[in-house]
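Participant: Show me the folded form of this:
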Amino acid sequence: PEETLPPVVFTEEEASEITTIETEVKKYCDEQRTLFITGQRDLDTDWEDYINNLNNLGIDQLVEAYNTAYARQYLHE
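Facilitator: Residues are numbered from 1 along each chain as shown. Next up is the predicted model:
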């Protein structure tokens, strides 16, 4: 890729909070990607369910943790 994001370092508290969420989200995404590609799930009818399940797994907390760590490291105000 032409541009990649720099690595972020989490505090112990952040790392503890996101480890389980990140593992579950990655596992779920991998499983669902296969189902969508093979046609076992339909983008038109199953997408909303997919997004809802990501929300239930804590995707918002994961994104917030990454944004917080990124801002702390790279956005010095």
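Participant: And the host helix or strand of residue 23, what does it pack against?
Facilitator: Element membership for residue 23 (DSSP states H and E) is helix 12-37. Contacts defined by 3 or more Cβ pairs under 8 Å, 6 or more residues apart in numbering; DSSP states H and E place helix 12-37 against helix 43-57, helix 59-74. Quick note: C-beta positions are derived from backbone N, CA and C, even for glycine.
Participant: Just say which of those helices is most tucked in.
Facilitator: helix 59-74 (a mean of 14; mean count of other Cβ atoms under 10 Å).
Participant: for that helix, packing partners?
Facilitator: Packing partners of helix 59-74 (3+ Cβ pairs under 8 Å, 6+ apart): helix 12-37.
Participant: what angle do the helix it packs on and helix 59-74 make?
Facilitator: If you take axes from the mean of the first three to the mean of the last three Cα atoms, to 10 degrees, helix 12-37 sits at 130 degrees to helix 59-74.
Participant: now residue 15: how far from residue 45?
Facilitator: To residue 45, residue 15 is 37 Å away according to Cβ to Cβ, to the nearest Å.
Participant: For residue 9, which of the helices and strands packed on helix 12-37 is the nearest?
Facilitator: Evaluated with Cβ to Cβ, the helices and strands packed on helix 12-37 place helix 59-74 nearest to residue 9, the distance being 6.5 Å.
Participant: Show me the contact partners of the closest one.
Facilitator: 5, 6, 8, 9, 10, 11, 14, 17, 18, 21, 22, 25 (Cβ atoms under 8 Å, 6 or more residues apart in numbering).
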